[in-house]
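In: the following comprises the amino acid sequence and a computationally predicted model.
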Amino acid sequence: MDALPTIAFITSRRNSRLREWFLPSLARQLGADNPNIIVIDRFAQESSVEQFKNLTISIYPAKPSVWSGPHKLTKEDWFSAASYRNTALCACRTSHIVYADDLSVAMPGWWEAAKQAAQLDDTITCGAYQKVRNLVVNDGIATSYEQPSSGIDNRMGIMQEQEGPCRGEWLYGCSLVAPVEALLSVDGWPEQICDGLGFEDCLMGLVLENAGYKFRYNKRLFTIESEEAHFEEPPMIRKDFGVSPQDKSHAALNIAKQSKTFDNGFGDGGIRALRDSILSGQPFPIKGTPEHEWFSGTPLQDL
């Protein structure tokens, strides 16, 4: 295994700011390091390899899903971040993976914090974030921006220290470092209950905590992201079926609270066997199930 963690950049947008913001901000911090960088891109038609300065970037389309992409059963693309994150997990060859969201800038100290977190085999490190407006980035440096009243990472105020232990529910998908083994042990991100809904990051944290993993919050693992750029194109559809508290999100939360693993329908061997197959050069299988939304029973073809 490579000593450096793999960086996984997840995007569902045509203008993700990968080359304009994220990669330049990362390149300023790497020094002699040359980590694996993988991009899961909603609009990629096939896998490809690109260069950015001296970095090699591997770009993958999201794996087949019943919720989004060319093999979807739904009428339109629905939010399916868990499936995207599982695609990255299957493509990762190193012992640890760092997740970063699109429209973001890695602030100074982010990479050193990620490397430090990758030394921990029993711990998931939760990074900090801040949504900002009027973000200007020059050669990887966020030279100006405004902090709005929304999009604030409330965890930063709760924890006074720069870094410290936290609960699994503090896991947010936009900035984190995890041992690959931890994610495999719970059968990956909960796409079976969260695609079409969201909420996959906090539920992943709860289940990992139930499975015995520890959590730390590290303010140095810090990204800022553009708030208004989230609305440059229509967002992917997501819906919480039912009426609170008798709704899908509460039902999914109750499942996670009582579980040490997810059932993602990957078949024999779960996502671990799927990852082994992908890393050996096999394509992702086309998955035609489930055919119904699990909470309401609505056929996906009607959504």
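Out: Thanks, I have the structure now.
In: from here on, contacts and neighbour counts on C-alpha atoms
Out: OK.
In: residues near the closest residue to residue 151 other than its chain neighbours, how many?
Out: Spatial nearest neighbour of residue 151, chain neighbours left out: residue 131 (4.9 Å); criterion: C-alpha to C-alpha, 6 or more residues apart in numbering. Taking other C-alpha atoms under 10 Å as the criterion, the count of residues near residue 131 is 22.
In: residue 131: what secondary structure?
Out: Taken by DSSP: H, G, I helix; E, B strand; the rest coil, the conformation at residue 131 corresponds to strand.
In: gap between stretch 277-297 and the chain center?
Out: On the basis of C-alpha atoms, centre = their mean, to the nearest Å, stretch 277-297 sits 18 Å off its chain's mean C-alpha point.
In: residue ranges of the helices in the stretch 51-200 of the chain, please?
Out: Applying DSSP state H, counting those that start in this stretch to the stretch 51-200 of the chain gives helices spanning 81-91, 110-117, 155-158, 180-185, 191-194, 200-210.
In: worst mean pLDDT among these?
Out: Mean pLDDT is lowest for helix 155-158 out of the helices of the stretch 51-200 of the chain, coming in at a mean of 94.
In: just give me how far that one sits from the chain centre.
Out: Taking the mean of its C-alpha atoms, helix 155-158 sits 21 Å from the chain's own mean (C-alpha atoms, centre = their mean).
In: re earlier: show me what the residue nearest to residue 151 bridges to in the sheet.
Out: On the basis of DSSP bridges, residue 131 takes part in beta bridges with residue 225.
In: what about it, distance to residue 252?
Out: When distance is defined by C-alpha to C-alpha, to the nearest Å, residue 131 is 27 Å away from residue 252.
In: just to revisit the earlier point, residue 97: which of the helices of the stretch 51-200 of the chain is closest?
Out: Taking C-alpha to C-alpha as the criterion, residue 97 comes closest to helix 180-185 out of these, the separation being 6.3 Å.
In: tell me what the closest one is packed against?
Out: The criterion is 3 or more C-alpha pairs under 8 Å, 6 or more residues apart in numbering; DSSP states H and E, and the helices and strands that helix 180-185 contacts are helix 270-279.
In: how about the helix it packs on: buried residues?
Out: Within helix 270-279, the residues that qualify as buried are 270-272, 274-275, 278, counting by 16 or more other C-alpha atoms under 10 Å.
In: export these to JSON lines and tack on pLDDT?
Out: Formatted as JSON lines, the entries for the buried residues of helix 270-279 read as follows, by pLDDT from 0 to 100:
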{"residue": "270", "pLDDT": "98"}
{"residue": "271", "pLDDT": "98"}
{"residue": "272", "pLDDT": "98"}
{"residue": "274", "pLDDT": "98"}
{"residue": "275", "pLDDT": "98"}
{"residue": "278", "pLDDT": "98"}
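In: could I get those as a markdown table with distance to residue 211?
Out: Putting the buried residues of helix 270-279 into a markdown table (distance: C-alpha to C-alpha, whole Å) gives the following:
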| residue | distance to residue 211 |
| --- | --- |
| 270 | 16 |
| 271 | 16 |
| 272 | 16 |
| 274 | 21 |
| 275 | 20 |
| 278 | 25 |
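In: pick the one among these closest to residue 20.
Out: So of these, ranked by how close each gets to residue 20 (C-alpha to C-alpha), first place is residue 278, at 29.9 Å.
In: quick one: contacts for that closest one?
Out: Residue 278 makes contact with 90-91, 284, according to C-alpha atoms under 8 Å, 6 or more residues apart in numbering.
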